[in-house]
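Visitor: have a look at this fold, sequence not included:
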């Protein structure tokens, strides 16, 4: 069995163990718009919109970015369930798909995410969305892409304006990053340092990260740098809320620690919140329990409801 398949199965098993691979039941959500195309290049470029039942808007927006090793997952699988809790708190939820690595290599994924943000701004009035209050929230690969949205702002090299709404900004105003990878080339050493059971190997040709950038990581350090959120940290970046499990065997927690440290040095540590969960792996109950979601939404309220 190839390592990339082993890795993918481990990711899917982790998600399935916590009910995140099943399709979310959105039948009870009254105000929704499903499978809306935000660009026309790929069938993957679609999003779902969920609106609160109460209030006239415009509603602050949570952009839900699914994970799945950059090669699996869906905007309507169980990963969106924590974000949908925001409907009770007056948030609109926009859940997006993006081109997976089997269809297109980096930077197609972040280009799609940015196109989705621009689409939201371009259609804000039509769907009662607040174009000035958008947060990106995702786990694993979705955490990486959420961090990239927060840190790359209007970086031209990561944008494809031909995907639509070139007059709009792709910036977001807050980021919730759950166990997202950062520097792909450091992951193997960090996992070895963690001494976790059955760590995954990333610096091989068929790892998800190598397949994402289209080359073996060790042969393409510049491509790895271009896919590293840390590369784009600047003083005008939004606040971050980062959480990671200390026993994560797939994405090492040290990447989140280093990201938070570098963000804090530039933004000020009052704008960066980091939590590390003991006895916790790649996702799981620690992230989605009610008291933790309350902390996430307190952060979002502070950033988006001023």
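Guide: Nice, thanks for sending it over. None of these values were measured; they are calculated from a predicted model.

Visitor: now stretch 40-56: buried residues?
Guide: By 16 or more other CB atoms under 10 Å, the buried positions in stretch 40-56 come out as 41-42, 44-52. C-betas here are computed from N, CA, C, even on glycine.

Visitor: helices - which of these land there?
Guide: The helices in this structure, assigned by DSSP state H, contain none of the buried residues of stretch 40-56.

Visitor: would you format these as a markdown table with pLDDT and distance to residue 80 included?
Guide: Formatted as a markdown table, the buried residues of stretch 40-56 follow (pLDDT from 0 to 100; distance: CB to CB, whole Å):
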| residue | pLDDT | distance to residue 80 |
| --- | --- | --- |
| 41 | 98 | 23 |
| 42 | 98 | 20 |
| 44 | 98 | 16 |
| 45 | 98 | 17 |
| 46 | 98 | 14 |
| 47 | 98 | 11 |
| 48 | 98 | 8 |
| 49 | 98 | 12 |
| 50 | 98 | 9 |
| 51 | 98 | 14 |
| 52 | 98 | 15 |
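
Visitor: now the helices for this structure?
Guide: Going by DSSP H, the chain shows helices at 3-17, 81-84, 108-122, 141-152, 187-194, 208-213, 221-226, 253-267, 285-288, 290-304.

Visitor: okay, those helices, which one's buried deepest?
Guide: Scoring those by mean neighbour count under mean count of other CB atoms under 10 Å gives helix 141-152 as the most buried, with a mean of 27.

Visitor: need the max-distance pair from the buried residues of stretch 40-56.
Guide: 41 and 52 (31.3 Å; CB to CB).

Visitor: returning to what we had before: dump the helices of the chain to TSV, plus mean pLDDT.
Guide: TSV is the format used below for the helices of the chain (pLDDT from 0 to 100):
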stretch	mean pLDDT
helix 3-17	50
helix 81-84	98
helix 108-122	98
helix 141-152	98
helix 187-194	96
helix 208-213	97
helix 221-226	97
helix 253-267	98
helix 285-288	96
helix 290-304	98
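
Visitor: and the buried residues of stretch 40-56, which is closest to residue 252?
Guide: So of the buried residues of stretch 40-56, ranked by how close each gets to residue 252 (CB to CB), first place is residue 44, at 28.3 Å.

Visitor: ok, now which ones touch the closest one?
Guide: Each residue near residue 44 by CB atoms under 8 Å, 6 or more residues apart in numbering is listed here: 97-100, 103, 112.

Visitor: buried ones from these, can you make that a ChimeraX selection?
Guide: Buried members of the contacts of residue 44, defined by 16+ other CB under 10 Å, are picked up in ChimeraX with:
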select :97,98,99,100,112
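
Visitor: any chance of the contacts of residue 44 in CSV, plus distance to residue 171?
Guide: Formatted as CSV, the contacts of residue 44 follow (distance: CB to CB, whole Å):
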residue, distance to residue 171
97, 21
98, 18
99, 21
100, 24
103, 26
112, 16
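
Visitor: can you give me the neighbour number for residue 197?
Guide: By other CB atoms under 10 Å, the residues close to residue 197 number 8.

Visitor: I'd say it and residue 249 touch.
Guide: Yes - counting by CB atoms under 8 Å, residue 197 touches residue 249, with 6.4 Å between them.

Visitor: overlap in contacts, the two.
Guide: With the criterion set as CB under 8 Å, 6+ apart, the contacts of residue 197 and residue 249 do not overlap.

Visitor: surely residue 188 touches residue 203?
Guide: Yes - the pair residue 188 and residue 203 passes the contact test of CB under 8 Å, sitting 5.3 Å apart.

Visitor: now the angle from the top strand by length along the chain to helix 290-304?
Guide: The strand that spans the most residues within the chain, counting by DSSP state E, is strand 129-139. Here the directions of strand 129-139 and helix 290-304 differ by 140 degrees (axes from the mean of the first three to the mean of the last three CA atoms, to 10 degrees).

Visitor: what packs against strand 129-139?
Guide: Applying 3 or more CB pairs under 8 Å, 6 or more residues apart in numbering; DSSP states H and E, we find strand 129-139 packed against strand 59-65, strand 92-96, helix 108-122, helix 141-152, strand 174-178, helix 290-304.

Visitor: same thing but at 7 Å, please
Guide: strand 59-65, helix 108-122, helix 141-152, strand 174-178, helix 290-304 (3 or more CB pairs under 7 Å, 6 or more residues apart in numbering; DSSP states H and E).

Visitor: which other residues reach the first one?
Guide: It stands for strand 59-65. 51-52, 80, 83, 86, 90-96, 113, 116-117, 120, 128-130, 133-138, 142, 145-146, 172, 304-305 (CB atoms under 7 Å, 6 or more residues apart in numbering).

Visitor: please name the strands paired to it in the sheet, noting orientation.
Guide: Sheet pairing for strand 59-65, assigned by DSSP bridges, gives strand 92-96 (parallel), strand 129-139 (parallel).
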